[in-house]
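Student: Sharing a sequence plus its predicted fold:
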Amino acid sequence: MLERNRMRHLRALIAVVEAGSIAHAAQRLLRTPSAVASSIRQLETSFEATLFERQASGMAPTPFGDAAYRRALRIDAELRQACAELSPYGVSAGAPLFAMLVGERQLTALVRLREMGHMPSVAAVMGLTQPAVSALLRQAEASLDLPLFRRTAKGMAVTEAGELLLFRVRRVLAELRHLEADIAQQRGEISGRVMFAALPSLRTRVLPQAIAALVGRHPNVQISMVDGPFEILFAGVHSGEIDFILTGLNANYSHRDFLIRVIGSDRLVAVVRAGHPLCARKRVEITDLVRHPWILRDRGAPTRELLNDLFRDLGIAPPHVAVQAGDLDLLRGLLQHSDMVSVVSPEYLSYEIASGAVKVLEVELPPTGRDIGFLLRRDAQPSLLCEKLMQYIEKAAAGTLAPTLAAA
């Protein structure tokens, strides 16, 4: 029951912290003192921590209570912003959602419906019946007096107002995900879940070393790495669903409201299979490369954008990208069985290059160095787990990446 009502309980916690007592908080919330006290007890049971010191003068938050309060305020701020953004649609500021009076299951169902567009699929993923998911949607729309989705021949499509709301809802769910880690941090523990995306070039050695070291020391954590087109990943960082992206950095990223932490730099090299016709040449020109089909990452990926800039500066027509993919196994197989060319960080194919299966061509590429670092939402409050993972990654990368370009 706590999972279903956690936001209501956090609302009570905010009121008790700010009012200083159960009685005053109850007056503020128009609830009975026993109901407010019950909310606090349920949170304390769930967190296995005392959130308040009961004193003669009232209730004073413990470090656990203060941590929960700070995260609860961030949730409240997101919902207030959602209310402001939806005001042109005539929504009531007194809607239950804006007062933290809805359950996480309803919010999760709305987010999943936006992602999948198919109610039976949402029901299956959440372990609910389709009528139950339909009821959650009806309740949300009725409470806001606003259509969030519309039925189409292809499924459920989110409305413009629904898109505005669900951006904030996704941030709320992200804050709730960090709440457990905040409480664990007060115990001196590291737990919780972190979600991130990363460059393929660092998945061979750096990330396995970093994640193995972190999990070996803190076995109760959950690490999830996601992949997808960069614009989707950027949106995930802004919505809070992705904690950070470890990527090659682009000057444009500073204009996307990201917080950037640089940890090193790398360079790009042209690679082909052993025995490729170009391997017989002592010197390869860029114009030789473009005569062959290429394998590159999707448009918007840092490597792809860097190469686009390179060809544009040289006044050379870009090569034909026969395959657009970032999967290591596919890249390895295509290089082995074809005369395709790719340009990658040498770390990406470090084992293949060391074994001789893949050759680095002697070709003079104009400067293709780039800084590598973390992209976070500028106003994010990362959990301790998230910070620790970034520290472990930076430590593992120290022996692989070069100094930052600014320091070099």
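Tutor: Everything's here; your move.

Student: where does this structure dip in pLDDT?
Tutor: The chain contains residues with pLDDT under 70 at 1-4, 251-252, 254-256, 404-408.

Student: In the protein, mark out all the strands, start to finish.
Tutor: 52-55, 58-61, 149-152, 155-158, 192-198, 221-225, 244-248, 258-266, 269-273, 294-296, 321-324, 341-344, 358-360, 370-377 (DSSP state E).

Student: would you turn the ones you listed into CSV with distance to Ala84?
Tutor: C-beta coordinates here come from the backbone N, C-alpha and C atoms, glycine included. Output for these, formatted as CSV (distance: least, CB to CB, whole Å):
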stretch, distance to Ala84
strand 52-55, 31
strand 58-61, 28
strand 149-152, 22
strand 155-158, 19
strand 192-198, 27
strand 221-225, 32
strand 244-248, 27
strand 258-266, 23
strand 269-273, 50
strand 294-296, 42
strand 321-324, 40
strand 341-344, 45
strand 358-360, 54
strand 370-377, 19
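
Student: Let me have those in a markdown table, extended by distance to Glu387 and mean neighbour count.
Tutor: Below are the strands of the chain laid out as a markdown table (distance: least, CB to CB, whole Å; neighbours: other CB atoms under 10 Å):
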| stretch | distance to Glu387 | mean neighbour count |
| --- | --- | --- |
| strand 52-55 | 27 | 13 |
| strand 58-61 | 23 | 18 |
| strand 149-152 | 37 | 12 |
| strand 155-158 | 33 | 16 |
| strand 192-198 | 9 | 21 |
| strand 221-225 | 12 | 14 |
| strand 244-248 | 10 | 24 |
| strand 258-266 | 10 | 19 |
| strand 269-273 | 33 | 21 |
| strand 294-296 | 33 | 21 |
| strand 321-324 | 34 | 15 |
| strand 341-344 | 29 | 24 |
| strand 358-360 | 36 | 19 |
| strand 370-377 | 10 | 23 |
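
Student: Tell me which residues touch the most centrally placed residue in the chain, please.
Tutor: The centroid of the chain falls nearest to Ile242 when counting by CA atoms, centre = their mean (0.6 Å). If you count contacts by CB atoms under 8 Å, 6 or more residues apart in numbering, Ile242 has them with Met195, Phe196, Ala197, Val226, Leu233, Gly236.

Student: farthest pair in those?
Tutor: Met195 and Leu233 (10.6 Å; CB to CB).

Student: shared neighbours of the two, which are they?
Tutor: Val226, Ile242.

Student: Tell me how far the residue nearest to the centre of the chain lies from Ala235.
Tutor: Applying CB to CB, to the nearest Å, the value for Ile242 to Ala235 is 9 Å.

Student: One more: Asn5?
Tutor: 29 Å.

Student: Of those two, which one has the most company?
Tutor: Per other CB atoms under 10 Å, whichever of Asn5 and Ala235 has more neighbours is Asn5, with 18 against 15.

Student: Next up, the contacts around the more buried one.
Tutor: Ser39, Gln42, Gly103.

Student: Surely Leu314 touches Pro366?
Tutor: Yes: counting by CB atoms under 8 Å, Leu314 does reach Pro366; the two are 6.8 Å apart.

Student: Neighbour count for these two, which is higher?
Tutor: Per other CB under 10 Å, whichever of Leu314 and Pro366 has more neighbours is Leu314, with 13 against 10.

Student: show me what contacts that one?
Tutor: Contacts of Leu314 (CB under 8 Å, 6+ apart): Ile286, Pro366.

Student: Please repeat the previous calculation with a cut-off of 6 Å.
Tutor: By CB atoms under 6 Å, 6 or more residues apart in numbering, no residues touch Leu314.

Student: do the one 5 residues further on as well
Tutor: The contact partners of Pro319, taken as CB under 6 Å, 6+ apart, are Val290, Trp294.

Student: Could you chop the chain up by domain?
Tutor: Using automatic domain parsing, the domain parsing of the chain gives 2-167, 190-265+371-397, 268-368.
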